[in-house]
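>>> Below is the sequence, then the predicted model.
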Amino acid sequence: MQLNDKIYVAGHRGMVGGAISRRLQTLGYNNLVTRTSAELDLRSQAAVNEFFATEKPEYVFLAAAKVGGIHANNTYRAEFLYDNLIMEANIIHAAHQNGVKKLMFLGSSCIYPKMAPQPLREDSLLTGLLEPTNEPYAIAKIAGIKLCEAYRDQYGANFISVMPTNLYGIGDNYHPENSHVLPALIRRFHEAKENNAPEVTVWGSGTPKREFLYADDLAAACVYLMLHYDGKELVNIGTGEDLTIRELAETVKEVVGYTGALVFDATKPDGTPRKLMDVSKLNNLGWKHSVELKEGLQLAYADFLQKKQMVTL
Ligand SMILES: NC(=O)C1=CN([C@@H]2O[C@H](COP(=O)(O)OP(=O)(O)OC[C@H]3O[C@@H](n4cnc5c(N)ncnc54)[C@H](OP(=O)(O)O)[C@@H]3O)[C@@H](O)[C@H]2O)C=CC1
Ligand SMILES: C[C@H]1O[C@H](OP(=O)(O)OP(=O)(O)OC[C@H]2O[C@@H](n3cnc4c(=O)[nH]c(N)nc43)[C@H](O)[C@@H]2O)[C@@H](O)[C@@H](O)C1=O
């Protein structure tokens, strides 16, 4: 990938696509092509085909998707399956038809079976049943992996798949119900602090364990793998460290500076009990994360405070 090669970052306004675009620009890549969903609805095959035929991107980062936390995944099950299936199918097929040199597909740690051995190894894919709350999203992501593999097997396409762990960072979604746990807790603790509320509610039992990677680290890993990895097998991207949701809540509480109590709402789903990535393959390829959770949380909270000035979250 040369500095003036044409690179399409699908989903560049999202948290991940934004971080990948920043990383590419920092490294000197100067020919990025982007479209918002209003300009190019990736669910339209005709529009995607026309875009690829006109723009002829040489490299593609596929970071556009319908994304959300446990509640959104479990509620909008049809859109999480349909939108994600059709977007990735349209892009991967058009990339093949238009001679894209290399494409990176972003999946998710939720593709692994709910009860797979921990830490989650890449070869656990399709070895057991999925977590029900995000099965539609996971099925779509597994289809994306298999599309990349199929175009590679049949046509020799250099399409690679990476599986990020739970992410957070600049430009995250702070919706009270539809977001992931980390941004949801930043907002809830911040509002409780502002309102002097005596307690903050955390969904579920607090016992599930999750791993969190700062989005700019994820972006650095994605660009690194785009430059250094051409294999068929997926690659996990994470830190290899996790903590319970209760421990996460305590840490967010401390970073935000809230002094009240925590209560747990057992009526809300816990989801997968644990999703710790085995990152030995990534580490052996020469990449390791650099932003630890506490530092990343401080950066994310600063971003939240800044965005709050500009928009009603
Ligand atoms: N966030 C996380 O914790 C994790 C994310 N991932 C993966 O990373 C990728 C990016 O996620 P993230 O950045 O968090 O998500 P965001 O919701 O922040 O961004 C998603 C992007 O997708 C674009 N998009 C959605 N629907 C359409 C559409 N119909 N047509 C065109 N563009 C569309 C949006 O474009 P626009 O802004 O223009 O509307 C948006 O910029 C996804 O593949 C996700 O599965 C994987 C693991 C964890
Ligand atoms: C990235 C990943 O994200 C999703 O999976 P998830 O890891 O279960 O996502 P989550 O961040 O929403 O929840 C993590 C844990 O945290 C608890 N929790 C507490 N309090 C809040 C809370 O206020 N909001 C949310 N969302 N969760 C909360 C919550 O009950 C759960 O136990 C997938 O659907 C799929 O999209 C995917 O790939």
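It's in. Ligands and ions are numbered 1, 2, ... in the order given.
>>> could you list every residue that touches the residue of the stretch 51-200 of the chain found nearest ligand 2?
Distance from ligand 2 to each residue of the stretch 51-200 of the chain (Cβ to the nearest ligand atom) is smallest for Gly69, at 2.7 Å. Just so you know, the C-beta spots here come from the backbone N, C-alpha and C atoms, and that holds for glycine as well. Residues in contact with Gly69, defined by Cβ atoms under 8 Å, 6 or more residues apart in numbering, are 178-181, 184.
>>> Helices along the chain, start to end?
Counting by DSSP state H, the segments of the chain that form helices are 15-27, 45-55, 70-75, 77-97, 135-155, 181-194, 215-228, 245-256, 280-284, 293-310.
>>> Using CSV, lay out those helices together with distance to Ala64.
Formatted as CSV, the entries for the helices of the chain read as follows, by distance: least, Cβ to Cβ, whole Å:
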stretch, distance to Ala64
helix 15-27, 7
helix 45-55, 11
helix 70-75, 16
helix 77-97, 6
helix 135-155, 11
helix 181-194, 19
helix 215-228, 14
helix 245-256, 27
helix 280-284, 23
helix 293-310, 21
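>>> Need these in CSV (columns: mean neighbour count and mean pLDDT).
Output for those, formatted as CSV (neighbours: other Cβ atoms under 10 Å; pLDDT from 0 to 100):
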stretch, mean neighbour count, mean pLDDT
helix 15-27, 21, 98
helix 45-55, 15, 98
helix 70-75, 21, 98
helix 77-97, 19, 98
helix 135-155, 19, 98
helix 181-194, 21, 98
helix 215-228, 22, 98
helix 245-256, 20, 98
helix 280-284, 15, 98
helix 293-310, 16, 93
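>>> Any idea which of those gets closest to Ile170?
Ile170 lies closest, by Cβ to Cβ, to one member of those: helix 293-310, at 4.9 Å.
>>> for ligand 2, what are the nearby residues on the stretch 201-313 of the chain?
Those residues of the stretch 201-313 of the chain that sit near ligand 2, judged by Cβ under 6 Å from any ligand atom, are 202-204, 208, 210, 245, 268-272.
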